[in-house]
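A.B. asks: The sequence and its predicted three-dimensional model are supplied below.
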Amino acid sequence: MSIMSRINLFICYAREDKNYRENLRVYINDLEFPRMQIWYDGEIEAGKEWDEEIKKNLNQSDIILLLISQYFINSSYIRNVELKMALHRHHDKKSRVIPIFARKCNLEKHPDITKLNGFPEDMRFFSELGNEADTEYANIQKKIGIIADELAVDKDIRDSLKSQTEKGEAARQITQLQTQNRIFLALTPTAEGIQERRRFQAEAEFSARYEGWPFELVPSPAESKANTDHPTDVWLQQQMQDCLYSVHIVSHPKELSEGPGALQYAMARRQAEKNNFFRLIIWYLSEDIRKAMDPALTRELLTHPNARSNQEIFTTLASLENDRKRQLANMRKDFSETKKVFMLYNFDTDHGASLRIRLKEKIEKRPQLAFRFSLPDSALQDDKNDLAACQGAVLYYGSADTRWFVSRQALLLDATNTPYKLVCVDIPEIQEKISRDLNNNAFKTIRGDQNPEVGLDDFLNGLLPTP
């Protein structure tokens, strides 16, 4: 297995905000991130040219944190050198630039900063958080860890692309799945079909321009007009070859069994046979049309997602995109030297529980394990996405209410790509909770009153066998 790529993190800040930098370093440190090189201007060695060192380290950075304040904005060196370099690297996708909102200031005149996703979320400033500050620093710690893992895996995938091995083939498949964003919108001969196709194109263009819809429709309107009556095999293959999905409009009962519609459907099926990720969507313009079709073909079409309106097309595509993201997360696991363990727990009731903390510390002592945990007020979908990227999961059940536990237990049951699962039931009422709430046959279970550390060791040894 290859050595996990090292990640370089650069902290850009004004000297007047040194205290905020030091608070951040409590959480972003060498102990929590052993494979990360963390740099700020305090690391400049005596005798070295500071401008040269700052530029050199900025140009080597994978993650750049901007500690935002009025002092930061007022600094001519930051504005004219560091910020410009950082934004240029972010635009070229060489670095991930993340604002950290330190002291309250007005950013209306700085869209280059506000357009970036920063922490704390919703542009809340640490200077106004009071007792919530530690919670937000912990959130940043977790999210920086996730980003660093993603970037390290990205590096490993790029380095593997030219390899003629199974890993190289997997890297090429991942790259293809990550970069494909085209949808083939099938041509249709009827007036009603053409009208609906144009309407869908207009809505898609609006969504792409104003709502960040990530897809491009092909063929273009001009190409569609020129090829509607007699599309050729070669032209259709060119249109479909880089597509991730195809949408087939059914505007009359024989649309997919005769003429150009049948040719497009057959080409899409062949594309799906060559590309495991390619999906067809069948769009019926009316239920009467579907009922009038050949029954055998109708049954075959049930193997693909079906839709009755352009809005259902958007909904279906969103669902397929979620499937793609989960598939990508599962494929990317093989490129991480570390195995990830996600701890689900109720932050409000159990963050300070002594057993939960002991279990966390025990997991973190394994250098080949990367630890993740639930964020405050995390939604079920957030926890589901975190689970998809992890090989192991620990569900801690202490003082959380039954509804919270049962919903997270259901997530574990559904997380088929997370093979190693453990439930820890802690005080109060351990036996009552086990009898009432726990699916006892589904998971390995440890109790807070019966040597839980031993059970955790057995679980971790299964996840990461010792040589």
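C.D. replies: Thanks, I have it.
A.B. asks: low pLDDT regions in this structure?
C.D. replies: Applying pLDDT under 70 to the chain flags residues 1-5, 43-48, 221-231, 337, 465-467.
A.B. asks: Tell me where the stretch 151-300 of the chain has strands.
C.D. replies: Assigned by DSSP state E, counting those that start in this stretch, the strands in the stretch 151-300 of the chain fall at 182-185, 216-218, 243-250, 279-284.
A.B. asks: Any chance of those strands in CSV with distance to Pro120 as columns?
C.D. replies: C-beta coordinates here come from the backbone N, C-alpha and C atoms, glycine included. Listed next are these as CSV, based on distance: least, Cβ to Cβ, whole Å:
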stretch, distance to Pro120
strand 182-185, 36
strand 216-218, 34
strand 243-250, 35
strand 279-284, 38
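A.B. asks: Would you check how far apart the residue nearest the centre of the chain and Val247 are?
C.D. replies: The centroid of the chain falls nearest to Lys325 when counting by Cα atoms, centre = their mean (6.6 Å). According to Cβ to Cβ, to the nearest Å, Lys325 and Val247 sit 20 Å apart.
A.B. asks: picking up where we left off before, which one of the strands of the stretch 151-300 of the chain is the most hemmed in?
C.D. replies: The highest average neighbour count among the strands of the stretch 151-300 of the chain, using mean count of other Cβ atoms under 10 Å, belongs to strand 243-250 at a mean of 24.
A.B. asks: Please point out which parts of the helix ranked longest in the chain sit buried.
C.D. replies: In the chain, assigned by DSSP state H, the helix with the most residues is helix 133-160. Going by neighbour count (16 or more other Cβ atoms under 10 Å), the buried part of helix 133-160 is 136-145, 147-157, 160.
A.B. asks: ditto for stretch 285-301
C.D. replies: 285, 289-290, 293, 298, 301.
A.B. asks: These: which two are farthest apart?
C.D. replies: Greatest spacing in the buried residues of stretch 285-301, by Cβ to Cβ: Leu285 and Thr298 (14.7 Å).
A.B. asks: list the contacts for Arg447?
C.D. replies: By Cβ atoms under 8 Å, 6 or more residues apart in numbering, the contact set of Arg447 is 424-426, 430, 434.
A.B. asks: and it, bridged to which residues?
C.D. replies: Assessed by DSSP bridges, Arg447 has beta-bridge partners Val425.
A.B. asks: any idea how far it lies from Lys365?
C.D. replies: The separation that Arg447 has from Lys365, given Cβ to Cβ, amounts to 22 Å.
A.B. asks: What ranges does the stretch 351-467 of the chain have for its strands?
C.D. replies: Ranges of strands within the stretch 351-467 of the chain are 369-373, 392-397, 420-425, 444-447, based on DSSP E, counting those that start in this stretch.
A.B. asks: got JSON lines for the ones you listed, with distance to Arg25 too?
C.D. replies: Formatted as JSON lines, the strands of the stretch 351-467 of the chain follow (distance: least, Cβ to Cβ, whole Å):
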{"stretch": "strand 369-373", "distance to Arg25": "19"}
{"stretch": "strand 392-397", "distance to Arg25": "28"}
{"stretch": "strand 420-425", "distance to Arg25": "31"}
{"stretch": "strand 444-447", "distance to Arg25": "35"}
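A.B. asks: Point out the most buried one among the ones you listed.
C.D. replies: strand 392-397 (a mean of 26).
A.B. asks: Pairing partners for it, with directions?
C.D. replies: Strand 392-397 has these strand partners (DSSP bridges): strand 339-344 (parallel), strand 420-425 (parallel).
A.B. asks: Let me have these in a markdown table, extended by distance to Ser378.
C.D. replies: Supplementary listing: the strands paired with strand 392-397 in a markdown table, determined by distance: least, Cβ to Cβ, whole Å:
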| stretch | distance to Ser378 |
| --- | --- |
| strand 339-344 | 9 |
| strand 420-425 | 18 |
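A.B. asks: show me what contacts Ile430?
C.D. replies: Going by Cβ under 8 Å, 6+ apart, Ile430 touches 447-449.
A.B. asks: again, only this time at 10 Å
C.D. replies: 397-398, 447-450 (Cβ atoms under 10 Å, 6 or more residues apart in numbering).
A.B. asks: quick one, domains of the chain?
C.D. replies: Following automatic domain parsing, one finds the domains of the chain at 7-160, 178-330, 338-463.
A.B. asks: now for those, which one comes closest to Ala170?
C.D. replies: Closest approach to Ala170 among the domains of the chain is made by domain 7-160 (7.6 Å; Cβ to Cβ).
A.B. asks: Do a quick rundown of the helices in the stretch 201-350 of the chain.
C.D. replies: Along the stretch 201-350 of the chain, the segments classed as helices by DSSP state H, counting those that start in this stretch run 221-227, 233-240, 259-274, 287-292, 295-301, 310-332, 347-350.
A.B. asks: Ile113: which of these is closest?
C.D. replies: Of these, nearest to Ile113 by Cβ to Cβ is helix 310-332, at 27.7 Å.
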